[in-house]
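>>> Here is the input, now give the coordinates:
(chains A, B, C, D, E and F)
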Number of protein chains: 6
Amino acid sequence: MKYETDNVTRLETNLDDCAPEILGAAMEKLLAAGALDVWFTPIQMKKHRPAVMLSVLCEESAAEALADWICRETMAFGLRRETVTRLKLQRRFETVATEFGEVTVKLGLKGGEIVQVAPEFESCRAVAERSGQPLRAIYDAALAAWGARK
Amino acid sequence: MKYETDNVTRLETNLDDCAPEILGAAMEKLLAAGALDVWFTPIQMKKHRPAVMLSVLCEESAAEALADWICRETMAFGLRRETVTRLKLQRRFETVATEFGEVTVKLGLKGGEIVQVAPEFESCRAVAERSGQPLRAIYDAALAAWGARK
Amino acid sequence: MKYETDNVTRLETNLDDCAPEILGAAMEKLLAAGALDVWFTPIQMKKHRPAVMLSVLCEESAAEALADWICRETMAFGLRRETVTRLKLQRRFETVATEFGEVTVKLGLKGGEIVQVAPEFESCRAVAERSGQPLRAIYDAALAAWGARK
Amino acid sequence: MKYETDNVTRLETNLDDCAPEILGAAMEKLLAAGALDVWFTPIQMKKHRPAVMLSVLCEESAAEALADWICRETMAFGLRRETVTRLKLQRRFETVATEFGEVTVKLGLKGGEIVQVAPEFESCRAVAERSGQPLRAIYDAALAAWGARK
Amino acid sequence: MKYETDNVTRLETNLDDCAPEILGAAMEKLLAAGALDVWFTPIQMKKHRPAVMLSVLCEESAAEALADWICRETMAFGLRRETVTRLKLQRRFETVATEFGEVTVKLGLKGGEIVQVAPEFESCRAVAERSGQPLRAIYDAALAAWGARK
Amino acid sequence: MKYETDNVTRLETNLDDCAPEILGAAMEKLLAAGALDVWFTPIQMKKHRPAVMLSVLCEESAAEALADWICRETMAFGLRRETVTRLKLQRRFETVATEFGEVTVKLGLKGGEIVQVAPEFESCRAVAERSGQPLRAIYDAALAAWGARK
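Okay, the predicted model is just below:
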């Protein structure tokens, strides 16, 4: 297989006694504590509860520490742990010049070939702030600059 | 227009500091307090909050009392009120005989013509309980019985 | 106000006794019957029902006919009707040349000034099919072509 | 166990930089490329992103090709791969005669016993189109015809 | 690891031909039949279907019986089975006295240390009913009583 | 009516060609530009699009400026505008002393009577950061402190 692969841990817990404002703050904490990714899924639980599933992706070595953070920052009394395999494009970053400033572009490669191109969010946001342009305009300019260079 | 029409009130509030188990109980309270309908919509609010919009449909005369119930049973500090027009089919209930017992069927009429037929939920559930059959089987039998009678 | 404005009708109904495959087909029917827009929102209704709100936007003159279609193609026994005001950019379509073929670009104008640029979906899809390129590549090429021309 | 079982692959990826109209087209592509099932789940990701999880179920032998399609048709830089076991009813198709035409009915069997009956969607849709009847009416008629035959 | 761990089974199925009112009743049946947890996730399937994923968590020994219940009470023709590991806090229940009556508080312990405190829902609901107070008030009183005692 | 009332504007637009990372940044921009509230609702649009409805609540006098921001920061070509009435509790802020520091508590009053009590999020977050305690612990302590004072 031409993808890079690794194994990571997915932690999940269904939360029906935790207020959204607590969960919002928990997302920030979990990312700061080293989670690879954190997301919420709206679910419907028993007793008419419009609840939330919290999912955290992390290195296997970080799983217990992140479980601790989940228990600390949310109302979880437990969670589910699974191992998942990731298939990944190789990543490379390049810089393109736009009329609004330099922007980082993230490239995804498979077997040495570029199969994915995406302007890098924080780079675009910084240029948008500096230039006073809409964020979308920076994305479009970065893609155009990349396209022109190809 | 051949629909029956009336005006009702829709109350809505975005809840980001209320746990799902409180909301689940609130749904029951609001229905018991006379709401015509109550539903939750998953929404995403500021500060990464996986929140819930509570919607209540009620008679205009009941709106303030239901607003009080919402403030009492949830963490709402306020809500939005709108008037909406309803277009309604006329409803008529009939009974059909199935191999599992008698079931109520709800008919929807427009200008005297039947345009909608639906087995009535609580009636089907009662027959399912009594007969030990799956709920779906009662629905199918009720629709078949209605179809045979037509 | 520099936006174009008009009034349209929004029809909505909460559906808890209609299977998703019926709803999927109803969406196509409602669009074919002249709806301006049709969308589904996941909602949670009483008695633990993971239900769906159907929303239809239409000309006021088409509202009763579309209400009829909703009652015909779904299990609705009624629906809610509201009038909403739309603020709209003026639309203009232009054609740009890309390495994969000509693509239509949709422009949004306010007070004569272009404030929105978007490759037109069906045009991009047709070019993607013909060229064997990913749809995203056509979008990027169209935006780049527009940017180069500006 | 009286279910048929097999192992299939589930591919999943969280997409926060891909427009819905690209995703809609990707769903069609992935089904055409041999996916057993494709679905979207609304999720909430970091930085206030109302994102989408794409899930694809496929034969293990098709996993890499479908991963390629996902990377090609969406903005994914990677995805998660898991093996899941399926428990399946045996399927059998039969034809029933309704007043609107012949309809295929899908039967689910466990240990030789019929435990599931469902009108087949495309067959019902075709009859609905030909007869000018609502799709629901065809479903009801097919279930009634099946019930009468039993 | 200081968490208690065990393995349980997760059953999942995507349902696109099952009405929400059938699903709501199925949730109750599955809980009554011994499921550890049952939840719905809104998903979007092919052919424009606003569908639902049903997830059931159960002991491995109960998996086939619960699969049977799923096939019986919904339109499922099959389902996915996975084994997941649970990390759990140890649970202990204590009683606190509030001005409205005694309430059970659920404690979560890790390595002997209390890391989680939550008023127990049914206990709070009973006190709310008896006292005529809002459910939230009972929660707040229970947490305050626990805090005062610490 | 014992609620305070006012009229505000709700702006809404269905977005099917805008990436989640653009939307996340737009939420921040709209709040900074004076929106009273901003939220996303997952919706399902035509052509299999897992889309997002953006809702903005604002003063009527700010509606056109916010419409401009929506068109600038998202891909919207138009939006819907409605006037809604708000029913609001009167708000009062008080300070309570907890073992972790002083916390602001938000009170909701109706006709002079306190009907709602909620620890104020940013105040709790600041105390959580300073004290190294979980956010939940600050909430619980603030509610307990308020309860003790009553």
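
>>> Pull out the buried positions in stretch A:22-30.
Within stretch A:22-30, the residues that qualify as buried by neighbour count (16 or more other CB atoms under 10 Å in any protein chain shown) are A:I22, A:L23, A:G24, A:A25, A:A26, A:M27, A:K29, A:L30. Bear in mind the C-beta positions are built from the backbone N, C-alpha and C, glycine included.

>>> Let me have those in TSV, adding secondary structure and pLDDT as columns.
Compiled in TSV, these are given as follows (DSSP: H, G, I helix; E, B strand; the rest coil; pLDDT from 0 to 100):
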residue	secondary structure	pLDDT
A:I22	helix	97
A:L23	helix	98
A:G24	helix	98
A:A25	helix	97
A:A26	helix	98
A:M27	helix	98
A:K29	helix	97
A:L30	helix	98
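
>>> of all those residues, which two lie farthest apart?
The span of the buried residues of stretch A:22-30, defined through CB to CB, is set by A:I22 and A:L30 at 12.3 Å.

>>> Need the residues touching each of these two.
A:E73 (CB atoms under 8 Å, 6 or more residues apart in numbering or on different chains).

>>> any idea how far A:L107 is from the residue most central in space within chain A?
Taking CA atoms, centre = their mean as the criterion, A:D37 is the residue nearest the geometric centre of chain A, at 4.8 Å. Counting by CB to CB, to the nearest Å, the separation of A:D37 from A:L107 is 20 Å.

>>> In stretch A:90-102, which of the residues would be classed as buried?
So for stretch A:90-102, counting by 16+ other CB under 10 Å, buried means A:Q90, A:V96, A:T98, A:F100, A:G101.

>>> er, stretch A:101-110 actually
So stretch A:101-110, judged by 16+ other CB under 10 Å, has buried residues A:G101, A:V103, A:T104, A:V105, A:K106, A:L107, A:G108, A:L109, A:K110.

>>> Check stretch A:74-92 too.
For stretch A:74-92, by 16+ other CB under 10 Å, it's A:74-82, A:84, A:86-87, A:89-90.

>>> Let's have those residues in a markdown table, adding pLDDT, secondary structure and distance to chain B.
Listed next are the buried residues of stretch A:74-92 as a markdown table, based on pLDDT from 0 to 100; DSSP: H, G, I helix; E, B strand; the rest coil; distance: CB to the nearest CB, whole Å:
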| residue | pLDDT | secondary structure | distance to chain B |
| --- | --- | --- | --- |
| A:T74 | 97 | coil | 11 |
| A:M75 | 95 | coil | 8 |
| A:A76 | 97 | coil | 13 |
| A:F77 | 96 | coil | 13 |
| A:G78 | 96 | strand | 16 |
| A:L79 | 97 | strand | 17 |
| A:R80 | 98 | strand | 18 |
| A:R81 | 98 | strand | 21 |
| A:E82 | 98 | strand | 21 |
| A:V84 | 97 | strand | 22 |
| A:R86 | 98 | strand | 24 |
| A:L87 | 97 | strand | 28 |
| A:L89 | 97 | coil | 27 |
| A:Q90 | 96 | strand | 30 |
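
>>> Out of the residues you listed, the closest to A:F121 would be?
Among those, A:L89 lies closest to A:F121 (CB to CB), at 17.0 Å.

>>> Next up, the contacts around the residue nearest to that closest one when sequence neighbours are not counted.
Nearest residue to A:L89, sequence neighbours excluded (CB to CB, 6 or more residues apart in numbering or on different chains): A:G108, at 3.4 Å. If you count contacts by CB under 8 Å, 6+ apart, A:G108 has them with A:L89, A:Q90, A:R91, A:I114, A:V115, A:Q116, A:V117, A:A118, D:C71, D:F77.

>>> Would you mind measuring from A:G108 to chain F?
Distance, A:G108 to chain F, using CB to the nearest CB, to the nearest Å: 16 Å.

>>> now the strands: where do they sit in chain A?
A:4-15, A:37-45, A:49-58, A:78-88, A:90-98, A:101-110, A:113-119 (DSSP state E).

>>> In contact with A:C58, which residues are there?
So A:C58 contacts A:V8, A:T9, A:L11, A:G34, A:A35, A:L36, A:L66 (CB under 8 Å, 6+ apart).

>>> if I look at A:A62, how far off is chain E?
Using CB to the nearest CB, A:A62 is found at 13 Å from chain E.

>>> Pretty sure that residue sits against A:G34.
Yes. A:A62 is in contact with A:G34 according to CB atoms under 8 Å; the separation is 5.3 Å.

>>> neighbour count winner among these two?
Counted by other CB atoms under 10 Å in any protein chain shown, A:A62 and A:G34 do not tie: A:A62 has more neighbours, with 18 against 14.

>>> mind listing what that one touches?
Counting by CB under 8 Å, 6+ apart, A:A62 makes contact with A:T9, A:G34, A:A35.

>>> again, only this time at 6 Å
Applying CB atoms under 6 Å, 6 or more residues apart in numbering or on different chains to A:A62 gives the contacts A:G34.

>>> Near A:Q44, how many other residues are there?
The burial count for A:Q44: 30, using other CB under 10 Å.

>>> mind checking the backbone torsions on the residue located most distally from the centre of chain A?
Centroid-distance maximum for chain A: A:K47 at 31.9 Å, with CA atoms, centre = their mean. Main-chain dihedrals, A:K47, degrees, to the nearest 10: phi 60, psi 40.
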